[in-house]
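Chemist: Need coordinates for the following:
(chains A, B, C and D)
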2 protein chains.
Amino acid sequence: MPRQQVIDHDAGEPVWLQLTAILRHQIETAQIGRGKLLPSIRTLMQTYEVSDGTVKRALAQLKADGLVDSVPGRGYFVL
Amino acid sequence: MPRQQVIDHDAGEPVWLQLTAILRHQIETAQIGRGKLLPSIRTLMQTYEVSDGTVKRALAQLKADGLVDSVPGRGYFVL
DNA sequence: ATAGATTTGTTCGTATGTATA
DNA sequence: GTATACATACGAACAAATCTA
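Modeler: As a prediction, this is how the structure comes out:
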């Protein structure tokens, strides 16, 4: 598996936007197939070493963009 | 007596103080009854079109004044 | 059937950086 | 230089929905 993209806290771009871009790329390149669940918020926190709120903000953006949807108690899945 | 309902960013008075006055008035006139929750910080941000920090500062003042108390994960309620 | 674990969703608390007046 | 205001970021608590043992 290729090396994961990494968050740059010192970049000008907000962390939550960087994470949005990373996840969007994974979806658009079908690294996460349609209908598949994304990693949980807690997992994403650990993977990218960002906070709870930052992950939620990134996922909310993807949902607003219509790339994913979410179900409480289940997770986020690719549309 | 005129009652302020909107924030005037061009007024001399700080926005957070204007918001404090608005909320204090709503509490003292029992528009928000005892024990009731105030609108959330996020809601107040949207309602008055001010930032997160500004709402928090106003609420902190009301709490310091003993008009409200707060519970993390729940909200601010009228004393 | 119910108890526990996991997950999303919402909330407050604190801190930092940037811009502006 | 100080105070205000906004945006970002992290942290934590609470609740409800879901799944499973």
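Chemist: Can you pull the residues of chain A lying near DNA strand D?
Modeler: Taking CB under 7 Å from any atom of the strand as the measure of proximity, chain A contacts DNA strand D at A:9, A:14-17, A:49-54, A:71-74. In short, each C-beta sits where N, CA and C put it, glycine included.
Chemist: what's A:Asp52 in contact with, if anything?
Modeler: Residues in contact with A:Asp52, defined by CB atoms under 8 Å, 6 or more residues apart in numbering or on different chains, are A:41, A:45.
Chemist: Ramachandran angles for it?
Modeler: phi -50, psi -50 (degrees, to the nearest 10).
Chemist: Then A:Val68?
Modeler: Its backbone dihedrals place A:Val68 at phi -140, psi 170, with angles given as degrees, to the nearest 10.
Chemist: Which of the residues of chain A next to DNA strand D scores worst on pLDDT?
Modeler: Looking at pLDDT alone, those dip lowest at A:His9, where the score is 88.
Chemist: burial measure for A:Thr54, as a count.
Modeler: When neighbours are defined as other CB atoms under 10 Å in any protein chain shown, A:Thr54 has 21 of them.
Chemist: So, low pLDDT: which residues of chain A?
Modeler: Confidence mapping of chain A against pLDDT under 70 gives the ranges A:1-4.
Chemist: what about the residue nearest the centre of chain A, which helix or strand?
Modeler: Residue closest to the mean C-alpha point of chain A, counted by CA atoms, centre = their mean, is A:Leu23 at 4.1 Å. If you go by DSSP states H and E, A:Leu23 is part of helix A:15-28.
Chemist: what comes up buried for that helix?
Modeler: Under the neighbour-count criterion of 16 or more other CB atoms under 10 Å in any protein chain shown, helix A:15-28 has A:15-16, A:18-20, A:22-24, A:26-27 buried.
Chemist: Which member of those residues is positioned nearest A:Leu79?
Modeler: Of all the buried residues of helix A:15-28, A:Ile27 has the smallest distance to A:Leu79: 8.8 Å, by CB to CB.
Chemist: So which residues on chain A come close to DNA strand C?
Modeler: Of all the residues in chain A, those in contact range of DNA strand C (CB under 7 Å from any atom of the strand) are A:38, A:40-43, A:52-53, A:56, A:59-60, A:70-76.
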